[in-house]
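Enquirer: okay, structure incoming, though there's no sequence with it:
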Ligand code: HEM
Ligand SMILES: [Ca+2]
């Protein structure tokens, strides 16, 4: 029987045909007409209205989705989490814009300054404002904190550059430059680094748009290519096919490679490996290792690949514990229950341990990011915003260290590598005791203190192996250029939706930005309105107790608020199919990243405050066996 029902008397209207079987309710969304004029908003934004163009994709191209509202588990692509708008937060749906797109043609061309001139070059901005602002002070917080940030960034966002032309600089002088190569980054003649290499161009590929998904829209609309919920999609994949390819289909386990050392005395488990050319691995060197996981960026740097390997081991560790407790559970049940626990652990670490450090404890608690229980609200849109992905969360690129330390079990530095020397080639990880040594290195090495710059190496020599010359790229220029590529609103506009007064002159910026930087901004930009979001935000002095300035804090908090309250499967939401029992929740809330490390490496002692490095007084060591054990008794089905 097909029956038309109207869901909720609000500004959302759906035509839904619901098929009721005896046990399973399947809802087929036939068409969606959404008027998103009012929103249950996060408390961080001083506006109630998102740009109307956010609805265009939903109106014209949203796929037909079938949902089973009784499902205990998340879908892989994130669809059907929100039963009113089943595509909210799903992979391959558009980024949300908090403010209207800023393009000079209103559609796709880079914006210009208020007086009609070109914007200052991204690299020029970096050399004038940031490159020489390097402090060598270190934080009491460790490098693991930075690495956790990237790990979750890859859980919630992927804006893919169009790499169909590998080197955009090489096609600049041909008669018709391909669209994706039309905005390469110009290198000024007097560039302090590239001057020596006679380079005038840095490659930049514009991001793919909804047109690449057979849905051309105006203004340019950008697609998130991963599930936008914090659900471990970087581990499991954001589609059924990818997820299936990563499973062993035996006892709930993920596929893995078991590697032995020469004497067969050490056996270690790693992510499965693939042919280098099939993933984003550096193919220009004779290196061999290329890991596979749910996210294509797994091999991007050693720290990220390390966390992926630890979480693969953690999954298989928990799956075997669950099997021990419930010998009759099927592979499917073991896999899904383990995946559910891993997703919960990632959310718990992010909200209870990571965000209070980044945003400030009092602030996170006051605004509901750190609560005893989450009340799900189906009117909150959990989609990743462009402002967040293309700028605000990237502000934490300033935490990336230039070097990674490998520390042995006597706490001695075994060796050190430049992070940029090992991009897209994780060859070091399976060698010797490097998993343990790098893990210890991330825990024991103090992080880069907050400062308005990225480290010298990622500011000049990123990804140099894949390029025709030895210099490479600049991550900060790329971030500024990416903001222009996706038409981000300017800094001043974002201030206003964050409740910070609009600056009417450069000097009005002195409320948040130091005097010297404001003087340089005056020489670069025509008016205060022209300043890029990323530039203004990175210059802001951090708020007391937090690691970012007020504008960044506002956009980060808005996003994490929506990832929490807009997620029907958020780990501590009650009353949903598959909600954890109180006993299970108690176990999850006791787990921190130290438990994960203890279960997956040969480290025996760790700080209780896992994001703090040793030199901090509170960071005395605690034994894995006594303090970081996981008891899954609450998952035993028959006591
Ligand atoms: C460990 C070293 C890291 C490296 C080498 C790195 C490098 C990169 C690169 C190359 C991009 C793509 C740039 C573009 O073409 O637009 C990117 C994007 C991004 N990064 Fe990082 N990153 C690192 C760590 C981090 C950290 C610590 C965070 C946040 C805490 C972060 C957040 C992001 C975000 C949100 C994006 C946008 C992702 C997307 O939507 O596609 N990254 N990063
Ligand atoms: Ca996800």
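Expert: Structure's in. What do you need? A quick note: this is a predicted structure, and the numbers were derived from the prediction, not measured. Ligands and ions are numbered 1, 2, ... in the order given.
Enquirer: in the stretch 451-600 of the chain, what residue is nearest ligand 2?
Expert: Using CB to the ion, residue 563 is the residue of the stretch 451-600 of the chain that sits closest to ligand 2, at 9.0 Å. Quick note: C-beta positions are derived from backbone N, CA and C, even for glycine.
Enquirer: mind checking pLDDT for that residue?
Expert: As predicted, residue 563 sits at a pLDDT of 98.
Enquirer: hang on, it is in a helix, isn't it?
Expert: Yes: assignment of residue 563 by DSSP: H, G, I helix; E, B strand; the rest coil places it within a helix.
Enquirer: contacts only, for it.
Expert: For residue 563, the contact set (CB atoms under 8 Å, 6 or more residues apart in numbering) comprises 156, 228-230, 382.
Enquirer: hmm, residue 183 and residue 110 touching each other?
Expert: Yes: under the criterion of CB atoms under 8 Å, residue 110 makes contact with residue 183 at 5.9 Å.
Enquirer: which residues do these two both contact?
Expert: 484-485.
Enquirer: which parts of the protein sit against ligand 2?
Expert: Taking CB under 5 Å from the ion as the contact definition, the chain meets ligand 2 at 155, 227, 231, 233.
Enquirer: do that again at 6 Å, thanks
Expert: 155-156, 226-227, 229, 231, 233 (CB under 6 Å from the ion).
Enquirer: mind listing what the closest residue to ligand 1 within the chain touches?
Expert: As assessed by CB to the nearest ligand atom, ligand 1 sits closest to residue 149 within the chain, at 2.4 Å. By CB under 8 Å, 6+ apart, the contact list for residue 149 reads 354, 358, 393, 396, 399.
Enquirer: ok, so of the residues you listed, who is nearest residue 546?
Expert: Each of those was checked against residue 546 using CB to CB; the closest is residue 358, at 6.7 Å.
Enquirer: surely residue 358 and residue 559 touch.
Expert: No: counting by CB under 8 Å, residue 358 does not reach residue 559; the two are 11.9 Å apart.
Enquirer: between these two, what contacts are shared?
Expert: Joint contacts of residue 358 and residue 559 (CB under 8 Å, 6+ apart) do not exist.
Enquirer: so residue 401 sits right up against residue 454, yeah?
Expert: No: with contacts defined as CB under 8 Å, residue 401 does not count as touching residue 454, sitting 10.5 Å away.
Enquirer: more neighbours: which of the two?
Expert: residue 454 (29 against 22; other CB atoms under 10 Å).
Enquirer: name the element the more buried one belongs to?
Expert: Residue 454 belongs to no helix or strand when assigned by DSSP states H and E.
Enquirer: quick one: contacts for it?
Expert: 130, 397-398, 400, 475-476.
Enquirer: tell me the two of those that are most distant?
Expert: Using CB to CB, the two most remote members of these are 130 and 400, lying 13.6 Å apart.
Enquirer: what's the nearest residue to the single nearest residue of the chain relative to ligand 2 if we skip its chain neighbours?
Expert: In the chain, the residue that lies nearest ligand 2 is residue 233 (3.3 Å; CB to the ion). Using CB to CB, 6 or more residues apart in numbering and skipping residues adjacent in sequence, the residue nearest residue 233 is residue 227, 4.1 Å away.
Enquirer: tell me the pLDDT of that neighbour.
Expert: 98.
Enquirer: and the helices in the stretch 1-150 of the chain?
Expert: Listed in chain order, the helices of the stretch 1-150 of the chain (DSSP state H, counting those that start in this stretch) span 56-60, 122-125, 143-156.
Enquirer: could I get these as a markdown table with mean pLDDT?
Expert: Formatted as a markdown table, the entries for these read as follows, by pLDDT from 0 to 100:
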| stretch | mean pLDDT |
| --- | --- |
| helix 56-60 | 93 |
| helix 122-125 | 98 |
| helix 143-156 | 98 |
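Enquirer: which one of these lies nearest to residue 267?
Expert: Taking the helices of the stretch 1-150 of the chain one by one with CB to CB, helix 143-156 is closest: 25.4 Å.
Enquirer: check which residues of the closest one are buried.
Expert: Residues of helix 143-156 classed as buried: 143-156 (neighbour count, 16 or more other CB atoms under 10 Å).
Enquirer: ok, which pair from these is furthest apart?
Expert: Largest separation among the buried residues of helix 143-156 by CB to CB: 143 and 156, giving 21.2 Å.
Enquirer: out of the contacts of residue 563, who's nearest residue 507?
Expert: The closest of the contacts of residue 563 to residue 507 turns out to be residue 156 (CB to CB; 37.0 Å).
Enquirer: touching, that closest one and residue 231? I think so.
Expert: No: with contact defined as CB under 8 Å, residue 156 and residue 231 do not form a contacting pair (9.0 Å).
Enquirer: in the lengthiest helix in the chain, which residues are buried?
Expert: Determined from DSSP state H, the single longest helix within the chain is helix 302-325. Residues 302-319, 321-323 are the ones in helix 302-325 that count as buried (16+ other CB under 10 Å).
Enquirer: related to what we said a few turns ago, cross the contacts of residue 149 against helices and list the overlap.
Expert: Going by DSSP H, the helices hold residue 358 from the contacts of residue 149.
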